[in-house]
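**Q** Requesting a structural model of the entry that follows:
(one chain, ligands or ions: 2)
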Amino acid sequence: MGVNPAAERGPGGRPVRVRMENITRRFGAIQALDNVNLYLEEGEVLGLVGDNAAGKSTLTKILAGAEVPDSGQILIDGKAVTFSSPADARNLGVEMVYQDLSLCDTIDVAGNLFLGREPMRNLLGMRFLDRPRMHKEARQLLNALNIRVQNTRNPVQRLSGGQRQSIAICRAVSFQPKILIMDEPTAALAVAEVEAVLRLIREISQRGVSVILITHRLQDLFVVCDRIMVLYEGRNVAERAAKETNLEEIVRLIVGGRFAHLTPAAEAA
Ligand SMILES: Nc1ncnc2c1ncn2[C@@H]1O[C@H](COP(=O)(O)OP(=O)(O)OP(=O)(O)O)[C@@H](O)[C@H]1O
Ligand SMILES: [Mg+2]
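**A** Ligands and ions are numbered 1, 2, ... in the order given. Next up is the predicted model:
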């Protein structure tokens, strides 16, 4: 991953990989995003939080080319870009693991890792799927990320939630992204599986990949994130270095003013 010496450095001292500026998106009467700003440094893990419907998925889908903003701009490594599809974003190094994972249940592990770009071989002028190579390369990808899956020939529907999540992350990482977005990767997982996914996130960021982690499991933020950004009803409300905040403050920022009437001060008034 080449470092451009002229690249803008962020407050964390590392080159700024992504800048989203004044991103606005409306769906009919709903203002999903209202002039939202986001930046992300190289190798940084940014926790993106907010209540349901705060705009987290919409914002990150825009960065991944799966949604188009009404206005605003995206810069990658300092250059303005426009995406009209996830393929455009992938070409510039952005991958997203979606909330629904987008795995194909009836296909095996290796097939899912290489879906749409399966290794082929020529035989007597015809092209065939090169299964041995696909399984060998799948095993290499899984090993490189310490993902434990016994058999790459198992259909993914037979795997646990954590293993399925790991396969989806492994597939995204195999495109060698500079920026990896994960939308609630630990939402449906058992405790040990959560730990494995968090370890995986740390491993990926240590290779210089910038990560955006969307989660409602707020305790996870303090395990893997460098920085936490809070959205409230489609607007930026706060941003904190993970070391300089705590769970209580983040909860307060997420709920915004909605529960102010429950605070002791308001009760006394
Ligand atoms: N394709 C769409 N059509 C209409 N409205 C949409 C669409 N996508 C998102 N919205 C609306 O935009 C708002 C923001 O949604 P978004 O999915 O970004 O929230 P979120 O922060 O990811 O929430 P959650 O935590 O529930 O996943 C919501 O009010 C949602 O209903
Ligand atoms: Mg969402």
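**Q** Quickly list what the residue lying closest to Leu48 once chain neighbours are set aside is bridged to.
**A** Leaving aside its chain neighbours, Leu48 sits nearest to Ile214 (4.9 Å; criterion: C-beta to C-beta, 6 or more residues apart in numbering). Where C-beta positions appear, they are placed from N, C-alpha and C, glycine not excepted. Beta-bridge pairing of Ile214, defined through DSSP bridges, involves Leu48, Asp183.
**Q** How about the contacts made by Ile214?
**A** Ile214 makes contact with 47-49, 56-57, 60, 181-184, according to C-beta atoms under 8 Å, 6 or more residues apart in numbering.
**Q** Top of those residues by number of neighbours, please.
**A** Note: the member of these with the most neighbours is Ile181, at 29 neighbours, neighbours being other C-beta atoms under 10 Å.
**Q** where does it land in three-state SS?
**A** Taking DSSP: H, G, I helix; E, B strand; the rest coil as the rule, one finds Ile181 in the strand state.
**Q** And the residue nearest to Leu48, what's its pLDDT?
**A** What the model reports for Ile214 is a pLDDT of 97.
**Q** Please apply the same query to Gly116.
**A** Reading off the per-residue confidence, Gly116 sits at a pLDDT of 85.
**Q** How many neighbouring residues does it have?
**A** Look at Gly116: counted by other C-beta under 10 Å, it has 4 neighbours.
**Q** Over to Thr82?
**A** Applying the criterion other C-beta under 10 Å, we find 10 residues in the vicinity of Thr82.
**Q** how long is stretch 11-31 from one end to the other?
**A** With C-alpha to C-alpha, to the nearest Å as the measure, stretch 11-31 spans 30 Å from end to end.
**Q** partners of the host helix or strand of Arg17 in the sheet?
**A** Counting by DSSP states H and E, the element that carries Arg17 is strand 16-27. Partners of strand 16-27 in the sheet, by DSSP bridges, are strand 30-41 (antiparallel), strand 71-76 (antiparallel).
**Q** backbone phi and psi for Arg153, please?
**A** Recorded main-chain torsions at Arg153 are phi -90, psi 0, according to degrees, to the nearest 10.
**Q** That one and ligand 1, how far apart?
**A** Arg153 sits 34 Å away from ligand 1, going by C-beta to the nearest ligand atom, to the nearest Å.
**Q** same thing with Ala192?
**A** From Ala192 to ligand 1 the distance is 24 Å (C-beta to the nearest ligand atom).
**Q** What of Asn246?
**A** In this structure, Asn246 and ligand 1 are separated by 21 Å, where distance is defined by C-beta to the nearest ligand atom.
**Q** what about that residue, how many neighbours?
**A** Here the number of neighbours of Asn246 (other C-beta under 10 Å) works out to 13.
**Q** Over to Pro86?
**A** There are 17 residues near Pro86, going by other C-beta under 10 Å.
**Q** contacting residues around it?
**A** With C-beta under 8 Å, 6+ apart, Pro86 has these contacts: 64-66, 96.
**Q** Excluding chain neighbours, give the residue nearest to it in space.
**A** Distances taken as C-beta to C-beta, 6+ apart put Gly65 closest to Pro86, at 4.5 Å, once the chain neighbours are dropped.
**Q** show me what contacts Ile169?
**A** Under the contact definition (C-beta under 8 Å, 6+ apart), the residues listed for Ile169 are 97, 145, 180, 182, 185, 197, 200, 204.
**Q** Sort out for me which of the residues you listed are in helices.
**A** If you go by DSSP state H, the contacts of Ile169 have 197, 200, 204 in helices.
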